[in-house]
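Engineer: kindly return the folded structure for what I paste below:
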Amino acid sequence: MDHPPPLIRAARPEDAAAFARWMAEPEVFGALLQMPHPTEAAWREKLSAPRSGDNDVSLVAEVDGCAVASAGLFRAGAHVRRRHASVLGISVAREAQSRGVGRALMQALTDYADRWGQILRIELTVFADNARAIALYERFGFVREGLHRGYGLRDGRYVDTLSMARLHPNPPRWD
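Structural biologist: A predicted model of the protein is given here:
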């Protein structure tokens, strides 16, 4: 079934309740390196904090006027020799999964990185058994770079993660 494309916009502090709602879903926080029982207050604080890097971006996807997903690119570190790299994070509410929301957010982030953010390298970590997420990342040019054994605790068990990265497909040049 075709779904209308989500509206992609900048995240705002007033999105905190929506973030807390979908990040409390076991299907969402269980697939991420997040903890259960997030609070609206904690998300409001995160969304109100100044961005740590000049090229950081935090986006929200809206469906029918409701925020249902988020994604962002954040500086990989403060070291000057890593300014070209950003870390990607993404979360999609259970009811919005398999509706093109993640794809729309990934498109917006990679467009930002390639055209505006001066980002050469995007990095992420994903649970090694999250086939749907891995397939999405691979569609956007991410490649597997390594396996981290016992990297994250999920539901009382240590599980493996993959490190993946995407290099800018056509880095800017002087014309």
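
Engineer: residue 56: what's it in contact with?
Structural biologist: Residue 56 is in contact with 72-75, 86, counting by C-beta atoms under 8 Å, 6 or more residues apart in numbering. C-beta here means a position set from N, CA and C on the backbone, and glycine is covered the same way.

Engineer: can you put these in JSON lines and add secondary structure?
Structural biologist: Output for those, formatted as JSON lines (DSSP: H, G, I helix; E, B strand; the rest coil):
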{"residue": "72", "secondary structure": "strand"}
{"residue": "73", "secondary structure": "strand"}
{"residue": "74", "secondary structure": "strand"}
{"residue": "75", "secondary structure": "strand"}
{"residue": "86", "secondary structure": "strand"}
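
Engineer: and those residues, which is closest to residue 24?
Structural biologist: Nearest to residue 24 among the contacts of residue 56: residue 72, at 19.0 Å, using C-beta to C-beta.

Engineer: if we ignore the residues flanking it in sequence, what's nearest that closest one?
Structural biologist: Excluding the flanking residues, the one nearest residue 72 by C-beta to C-beta, 6 or more residues apart in numbering is residue 58, at 4.0 Å.

Engineer: what of residue 96?
Structural biologist: Spatially, and ignoring its direct neighbours in sequence, residue 96 is nearest to residue 68 (3.8 Å; C-beta to C-beta, 6+ apart).

Engineer: pretty sure the residue nearest to residue 72 contacts residue 11?
Structural biologist: Yes. Contact criterion C-beta atoms under 8 Å: residue 58 and residue 11 qualify, at 4.1 Å.

Engineer: mutual contacts of these two, please.
Structural biologist: Common neighbours of residue 58 and residue 11 (C-beta under 8 Å, 6+ apart) are 47, 70, 72.

Engineer: is the residue nearest to residue 72 located within a strand, as I assumed?
Structural biologist: Yes. Counting by three-state DSSP, residue 58 is located in a strand.

Engineer: what helix or strand does residue 103 sit in?
Structural biologist: Per DSSP states H and E, residue 103 falls inside helix 101-115.

Engineer: that helix - contacts with which helices or strands?
Structural biologist: If you count contacts as 3 or more C-beta pairs under 8 Å, 6 or more residues apart in numbering; DSSP states H and E, helix 101-115 packs onto strand 7-10, strand 57-63, strand 66-75, strand 85-92, strand 121-127, helix 131-139.
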